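In: Here is a sequence together with a model predicted from it:
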Amino acid sequence: MTISADHTAPDTTSPQEAPDNALNEAVKNFGITVEDYMLPARHQIQMVDPEGRLKPRGEQGTQPGHEYPVPGDRELLAAYEQLVVGRRVNDQNSALVRQGRMAVYPSSHGQEACQVAAALCLSDGDWMFPTYRDAVAVMTRGVDPVQVMTIFRGDWHGGYDPLEAKVGIQCTPLTTQLLHAVGVAHAAKLRGEDTVVLAMCGDGATSEGDFHEALNFAAVFHLPVIFFVQNNKYAISVPLAHQSVAPSLAHKAVGYGMAGERVDGNDVVALLAVLDRAVALARGGSGPLLVEANTYRMQAHTNADDDTRYRESAEVAEWRAKDPVNRMRTYLTGRGLLDDDGEARIAAHAELVAAQLRKGLSEDVPVDPQELFRHVFSSPTPQLREQSAFLADELARDAASTDSKEAGK
Ligand SMILES: Cc1ncc(C[n+]2csc(CCOP(=O)(O)OP(=O)(O)O)c2C)c(N)n1
Ligand SMILES: [Mg+2]
C-alpha cells in the first residue's frame, strides 16, 4: 500500500465487505480498499535517486492519488546538516574504539538517512525506542552526544534520563524495546495524550517472538506506534535471505492487520515524507504502521566482527554508490539550497561535535562495581543481594592484599 493522508477519497469498501474491527475505521480514513490498505507498495518509495535527482512523481513508487509531497526546504536543510554530523560522529566513534576509549560501537555508517529521519519526524512529546545501532538517531533527537555514547564505554547503564529525553535506553536484547514502546503508547492512549511512539528494530530482529507480540498488541489495541525497521541486509553474519522468505519485511505488517510501507532507506527525502505522514496518521488515530527502510550496513556489525568473512567487497561497493549523504548534497546543491559557505558551516558544526566526543569520552570516570546491582529491581532479589555481598567480600580481600603488598615494599 501507499500510506495516504487523503481522507476525502471515496470509500470503495461496503460495510458488509469490510471486517468489523479497527481496520474498518482505518480503511475509511485512508479512503482505499482493504486490499490496498494492507498490501505494501509494489515498489519502494524513492523520491531522490542515487544521482541526487528528484524523480518524476509517477516514478516514485506510490499509487496514483497517494503521492508524497516533498518536505519543506528548512526540513531538508536541517536533515542534511544532521546527516553530515551523524556521519562524522559514526566515524569519530569508530576511531575512539580503536584507541580503546570506547568498548564497542555498532556504527550506523551508511544508515544515517534512517537515523536522521527517525528523529526529525517526531514532535517534542513523542517517544523513541532505539536499538544499540541508533545512537545517531538519539543524538539527532537532541540528547547530548557524550551522554548518548556513555553506554558504549561499558561502565554505566546509560548516559541520559529516558523520561526527560523521551527516548528509551538503547536496547541490546533484540526487540525488548518494541514491547516497551507499545506499553508507552498504550499508556498514552489510556491517558488521552496524543503521543506517537517510534519503535526501531533491524531486519534480523523481525524474526524475534517479541516482534510478533509487539505488533499484534499494537494492532489489536489500535495504538499510535510506528514500527521502523531498518533493513540493512544483515543480522551480524546472517544475510536477510537466510532470515526471512517474506516478500518484504513490510509484508509482515499485513498479518497483524496493519499497513506497511517500503521506502528507500538511503533517500532522506523519501524517509522524511513517509515518516512525517506516518506520524500524522498515527497521531490522528489511524493505529499502528510499519515502515521498512531499505538500506545497508556499510561497516562490520561492530569492532568485534570481520565482515569480509561473509560478504563480498563488490556488494559493499555497490551500496557505496547509493550513499545517503552524497545523494542529499547533490540534490540540495542542484536546487540551489546549499553552497560552499553552507557546506563549510555544517562541516564546522560536525567537527565541533566530534571534538566534544573526543574530550568527553577521554575523561576517566570513577566506577563503583556495586552499581552493577543497583537499578535492576526496586527491591533487590535474594540472589542479587547474595551476589552483591560476594562482590563486596572479593573487593575487600583485593584491597587488603594490595595494602599488604604495599606495606611489604
Ligand atoms: C534476544 C537476542 N538474541 C540475540 C542477540 C545477539 N545479536 C546481537 S545483534 C544481532 C543481530 C541483529 O540484527 P538486526 O536486527 O538486523 O540489526 P542490525 O545489527 O543489523 O542493526 C544478534 C543476533 C541479542 N542481542 N538479543
Ligand atoms: Mg540488520
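Out: Received it, and whenever you're ready, just let me know what you need. Ligands and ions are numbered 1, 2, ... in the order given.
In: quick one, domains of this structure?
Out: 22-360, 369-408 (automatic domain parsing).
In: Show me where the stretch 51-200 of the chain has its strands.
Out: Along the stretch 51-200 of the chain, the stretches classed as strands by DSSP state E, counting those that start in this stretch are 127-129, 197-202.
In: Using TSV, lay out the ones you listed together with mean pLDDT and distance to ligand 2.
Out: Where C-beta positions appear, they are placed from N, C-alpha and C, glycine not excepted. Listed next are the strands of the stretch 51-200 of the chain as TSV, based on pLDDT from 0 to 100; distance: least, Cβ to the ion, whole Å:
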stretch	mean pLDDT	distance to ligand 2
strand 127-129	98	17
strand 197-202	98	4
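In: For ligand 1, what's its nearest residue on the stretch 301-409 of the chain.
Out: When scored by Cβ to the nearest ligand atom, the stretch 301-409 of the chain has His301 as its residue closest to ligand 1, at 5.7 Å.
In: Neighbours of the residue nearest to that residue when sequence neighbours are not counted, how many?
Out: Spatial nearest neighbour of His301, excluding adjacent residues (Cβ to Cβ, 6 or more residues apart in numbering): Ile236 at 4.7 Å. Burial of Ile236 is recorded as 13 neighbouring residues (other Cβ atoms under 10 Å).
In: My understanding was that Ile236 contacts Ala300; is that so?
Out: No - the pair Ile236 / Ala300 is not scored as a contact, 9.2 Å apart, by Cβ atoms under 8 Å.
In: Could you report the neighbour count for Arg101?
Out: 18.
In: for the stretch 201-350 of the chain, what are the low-confidence residue spans?
Out: Under the criterion pLDDT under 70, no range of the stretch 201-350 of the chain is flagged.
In: Show me which residues of it are close to ligand 1?
Out: Within the stretch 201-350 of the chain, the positions near ligand 1 by Cβ under 6 Å from any ligand atom are Cys201, Gly202, Asp203, Gly204, Ala205, Asn232, Tyr234, Ala235, Ile236, Arg297, His301.
In: my guess is the second one meets Lys233, correct?
Out: No - look at Gly202 against Lys233 with Cβ under 8 Å: they stay out of range, at 9.7 Å.
In: Looking at the two now, which is surrounded by more residues?
Out: Each of Gly202 and Lys233 has its neighbours counted (other Cβ under 10 Å); Gly202 has more, 24 against 20.
In: Does the more buried one have any beta-bridge partners, and if so which?
Out: Gln230 (DSSP bridges).
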